[in-house]
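Asks: turn this into a structure:
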Amino acid sequence: MDDAVDKTRRGVVGALAAIGFAGPFAAGSRRQTEAPITLRYSSHVPRGHGLYTEAFLPFSKLIDQQTQGRLRFVPFTDKLLHGAEDGFKATVAGITDYTHAYVTYQPGSFKLLHAPQLPFLFPSPAVATLVVEDLYPRYFKSEYERMGVYLAHCDCTSPYNIIAKRPIRALEDLHGIKMRVTGGITAEIFRELGSVPVPISAAEVYPALQRGIVDAVALSASDMVSYRLQEIGPYYTRVDLNVLVLQYSLNRSAFDALTGDLKELLYRAFRVRSQMASQNYYSGPRYERALSTLRDAGVEMIELDPEERSRWQQAVAPLRARFTARYEADGLPARKVVAEMAELAQHYASFSRDEISALVAQSPVRGIIDW
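Replies: Got it, this is the predicted structure:
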């Protein structure tokens, strides 16, 4: 296991103080003598959403501190520059420099990058993010960069659960209901469970549930609250099916034009940023507040008993074998990818939040972007 980790973590280990994932690196000594470089950050989420308040804002502050004002991000939120599904196109066209560009919104363009969505794989969002970025240079990079962009970082959500118009207490309650999903494996999971998957972007879930386009929504609890689904969905079923990996793209020309020291600072900051959403928004106190908000709104919180949860696990178990067989047939190392993900997930499962934060700050994985 240590050899597998070292393959992607080798490189210069800076003398960084691990004082938390939003803490500053050792500040550079170069003073600002030129006009700051500004990069555009675009997002389909509103400014009140946790991905903006709990992740982008502290990241933007971190960049300003670490570059001493030489590099800054200008935000464009609320789909101002482009829609949620257009992240790749907008990045390549130069409409934005840095944005959400999710594999799940263009599932047909990817193969191995769907693997992290397999069910019941990761113990926490922080571990999921760490594992995906560890394996990215060896297994996922060619697929993502084929889209004409660099990967800035990944976020991994809290496990997907269900908020619905009617109670879902057993596997049979899913049969035939229209379930909002993302594309890719999440859709396959719910098809396997007997429901009818309806791919809809997260930003559109409120009207879809309100108008009956879907009967239920699969989403993380944090995002359910950000999109106010507790107002129209009276039942929440927890099963912790799978996490969703949220990729962020980076315009190649914008990054390539930076000086070497700014590239290094930005790259290292992106590794820290990879944990900001996972720890600030999708887990920890903010996640617990989301669950409290659901309860306070009168949403019934349904917990599956161990026997029932085991039935759900057994129902989706064939997905892993089908995934590996499908892509092994294409000559891809799908079996090895899934095995290493599971092994790394177990390896990191005992790491505390502070230990993970120190790891990404002090020993960032190398090779996500080459320069």
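
Asks: list the contacts of E288.
Replies: Listed by Cβ atoms under 8 Å, 6 or more residues apart in numbering, the contact set of E288 is empty. C-beta coordinates here come from the backbone N, C-alpha and C atoms, glycine included.

Asks: mind checking the SS state of it?
Replies: Secondary structure state of E288, per DSSP: H, G, I helix; E, B strand; the rest coil, is helix.

Asks: would you mind measuring from it to L219?
Replies: 17 Å (Cβ to Cβ, to the nearest Å).

Asks: and I368, which of the three is it?
Replies: coil.

Asks: oops, could you answer that again for P123 instead?
Replies: Going by three-state DSSP: P123 is coil.

Asks: distance check, the closest residue to it other than its chain neighbours against E264.
Replies: Closest residue to P123 apart from its sequence neighbours, by Cβ to Cβ, 6 or more residues apart in numbering: A349 at 4.6 Å. From A349 across to E264, the span is 31 Å (Cβ to Cβ).

Asks: and the pLDDT at G183?
Replies: At G183, the pLDDT value in this model is 80.

Asks: right, and L130 touches V360 too?
Replies: Yes. Between L130 and V360 a contact is recorded at 7.1 Å, counting by Cβ atoms under 8 Å.

Asks: which residues do these two both contact?
Replies: The contact lists of L130 and V360 share 274-275, where a contact means Cβ under 8 Å, 6+ apart.

Asks: would you mark the buried spots in the helix or strand hosting T237?
Replies: Using DSSP states H and E, T237 sits within strand 235-238. By neighbour count on 16 or more other Cβ atoms under 10 Å, the buried set for strand 235-238 is 235-237.

Asks: turn those into a markdown table, including pLDDT and distance to S226.
Replies: Shown next, in a markdown table, are the buried residues of strand 235-238 (pLDDT from 0 to 100; distance: Cβ to Cβ, whole Å):
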| residue | pLDDT | distance to S226 |
| --- | --- | --- |
| Y235 | 98 | 19 |
| Y236 | 98 | 15 |
| T237 | 98 | 19 |
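
Asks: show me the shaky parts of the chain.
Replies: Residues of the chain meeting the criterion pLDDT under 70: 1-33.

Asks: can you map out the strands along it?
Replies: For the chain, strands defined by DSSP state E occupy the ranges 37-42, 71-76, 98-100, 150-156, 161-164, 178-181, 196-199, 216-219, 235-238, 245-250, 300-303.

Asks: looking at those strands, which is nearest to S292?
Replies: S292 lies closest to strand 300-303 among the strands of the chain, at 10.3 Å (Cβ to Cβ).

Asks: check which helices and strands that closest one sits against.
Replies: Here strand 300-303 touches strand 235-238, helix 284-296, going by 3 or more Cβ pairs under 8 Å, 6 or more residues apart in numbering; DSSP states H and E.

Asks: which one of those is the most hemmed in?
Replies: Most buried of these, by mean neighbour count (mean count of other Cβ atoms under 10 Å): strand 235-238, with a mean of 20.

Asks: give the pairing partners of that strand; include direction for each.
Replies: If you go by DSSP bridges, strand 235-238 pairs up with strand 161-164 (antiparallel), strand 300-303 (parallel).

Asks: can you get me a residue count around A128?
Replies: 30 (other Cβ atoms under 10 Å).

Asks: I'd say it and C156 touch.
Replies: Yes. Counting by Cβ under 8 Å, A128 touches C156, with 3.7 Å between them.

Asks: can you pull the residues that touch both of these two?
Replies: By Cβ under 8 Å, 6+ apart, the residues touching both A128 and C156 are 116, 122, 243, 245, 278.

Asks: torsion angles phi and psi at the second one?
Replies: When you say that, I think you mean F122. phi -120, psi 140 (degrees, to the nearest 10).

Asks: excluding chain neighbours, what is closest to it?
Replies: A128 (3.9 Å).

Asks: quick one on the thing from earlier: can I get the strands of the chain in CSV with distance to L319?
Replies: As requested, the strands of the chain are exported to CSV (distance: least, Cβ to Cβ, whole Å):
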stretch, distance to L319
strand 37-42, 33
strand 71-76, 37
strand 98-100, 25
strand 150-156, 18
strand 161-164, 18
strand 178-181, 14
strand 196-199, 13
strand 216-219, 15
strand 235-238, 19
strand 245-250, 16
strand 300-303, 23
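
Asks: R268: which of those is closest?
Replies: Relative to R268, the nearest member of these by Cβ to Cβ is strand 150-156, separated by 11.0 Å.

Asks: quick one, the closest one and strand 245-250 angle?
Replies: Angle between the axes of strand 150-156 and strand 245-250 is 150 degrees (criterion: axes from the mean of the first three to the mean of the last three Cα atoms, to 10 degrees).
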